[in-house]
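Enquirer: Structural data only, the sequence is not supplied:
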């Protein structure tokens, strides 16, 4: 094994220099399971856990390794095991809020170059969901590409393609059919040796089928979508690094039933550049695009240049982000108190 083929480059090499005085090596998290990690290294795949110091200093989920992370570790002598001492700075990070009511981050994939946002061209195609994926993709620091699967099952591909492009804001949109091998050459341009691609999308959109095609054999199980509502079922059950034959690294992820936002302020400007561009021409700087006179956004809707549904989605996402920010502030205050309590307790001992 050679870590350079897994995406190790100068960005991570410079950070590793600070640890060279110790008997440490670099590795990449390929699989995570209950705080145990499979790590790819120059010395093979090792089963690792975090050091006591790293665990003690961790204040939240972001401070623990995630699939795709580059870490600094020490191999246990004579064993296929190791201890993770540090996480190298991430160049990108796709995160969402965990499902449920708790305000906590879930890192879906780290150090990704390109995010394939996979959607199926069937009755489950949802523009509002695509907007959410785009928002989080832009925020991650990776480049989004929209993949529309199962074109062989779509009666009017051009119409559906136009709808998706209306919310894509310049993001590449690639319609494909793995069954008929349509559009696969366009995908291949993003699969460069050493680059990392993450597959994200709902259950049943064709992520596992695409993974199997690119691998050349059936690694992931494939389930058919339900006929009554065109929705899929979970086939991939965990996030995992996969090395493709051409040297590219792929992260296949389980389908997401919930896609709640997490720190996506910057992504809003990228995903809704059309609305924010129109808003610059509103008569009032604090225009809410409701009933104010001289609202340029409303004028664009009346002229048929913007869908009302897109404006509603924009307002809904802004409201959701504002609520999340308030929750995060409260959580940070609570975590800070717990952190100092932890330190005080350790000092007394």
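Expert: Sure thing, it's come through. Computed from a predicted model, the values in this text were never measured in an experiment.
Enquirer: which residue sits closest to the most centrally placed residue in the chain, ignoring its sequence neighbours?
Expert: The centre of the chain sits closest to residue 94, judged by CA atoms, centre = their mean, with a distance of 3.3 Å. Counting by CB to CB, 6 or more residues apart in numbering, residue 140 is the residue found nearest to residue 94 once chain neighbours are left out, at 4.0 Å. All C-beta spots, glycine's among them, are computed from the backbone N, C-alpha and C.
Enquirer: next one: residue 248
Expert: Nearest to residue 248 is residue 191, by CB to CB, 6+ apart, at 4.1 Å.
Enquirer: Please confirm that that neighbour is located within a strand.
Expert: No. Counting by DSSP: H, G, I helix; E, B strand; the rest coil, residue 191 falls outside a strand, being coil.
Enquirer: and it, what is it in contact with?
Expert: Contacts for residue 191 (CB atoms under 8 Å, 6 or more residues apart in numbering) come out as 197, 214, 244, 246, 248.
Enquirer: Which ones among these map onto strands?
Expert: In this view, the contacts of residue 191 that belong to strands under DSSP state E are residue 197.
Enquirer: How many neighbouring residues does the residue nearest to residue 293 when sequence neighbours are not counted have?
Expert: Nearest residue to residue 293, sequence neighbours excluded (CB to CB, 6+ apart): residue 283, at 6.3 Å. Taking other CB atoms under 10 Å as the criterion, the count of residues near residue 283 is 10.
Enquirer: same deal with residue 304?
Expert: Residue 304: 7 neighbours (other CB under 10 Å).
Enquirer: quick one on the thing from earlier: could you measure from the residue nearest to residue 293 over to residue 159?
Expert: Here residue 283 is placed at a distance of 36 Å from residue 159 (CB to CB, to the nearest Å).
Enquirer: How about residue 204?
Expert: Counting by CB to CB, the gap from residue 204 to residue 159 is 22 Å.
Enquirer: Of the contacts of residue 191, which count as buried by neighbour count?
Expert: Neighbour-count burial (16 or more other CB atoms under 10 Å) applied to the contacts of residue 191 gives 197, 214, 244, 248.
Enquirer: Show the model's pLDDT score for residue 215.
Expert: At residue 215, the model reports a pLDDT of 89.
Enquirer: just checking, residue 141 touches residue 89?
Expert: No. With contact defined as CB atoms under 8 Å, residue 141 and residue 89 do not form a contacting pair (11.6 Å).
Enquirer: higher neighbour count, those two?
Expert: Using other CB under 10 Å as the criterion, residue 141 and residue 89 rank with residue 141 on top: 16 against 12.
Enquirer: Can you tell me the closest non-neighbouring residue to the more buried one?
Expert: Nearest in space to residue 141, with sequence neighbours left out and distances taken as CB to CB, 6+ apart, is residue 92 at 3.6 Å.
Enquirer: residue contacts, the one you found?
Expert: Taking CB under 8 Å, 6+ apart as the criterion, residue 92 is in contact with 110-113, 140-142.
Enquirer: Okay, and which of those residues map to strands?
Expert: Residues of the contacts of residue 92 located in strands (DSSP E): residue 110.
Enquirer: would you turn the contacts of residue 92 into a markdown table with distance to residue 62 and pLDDT?
Expert: Shown next, in a markdown table, are the contacts of residue 92 (distance: CB to CB, whole Å; pLDDT from 0 to 100):
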| residue | distance to residue 62 | pLDDT |
| --- | --- | --- |
| 110 | 10 | 92 |
| 111 | 14 | 95 |
| 112 | 16 | 93 |
| 113 | 20 | 94 |
| 140 | 13 | 84 |
| 141 | 14 | 85 |
| 142 | 17 | 89 |
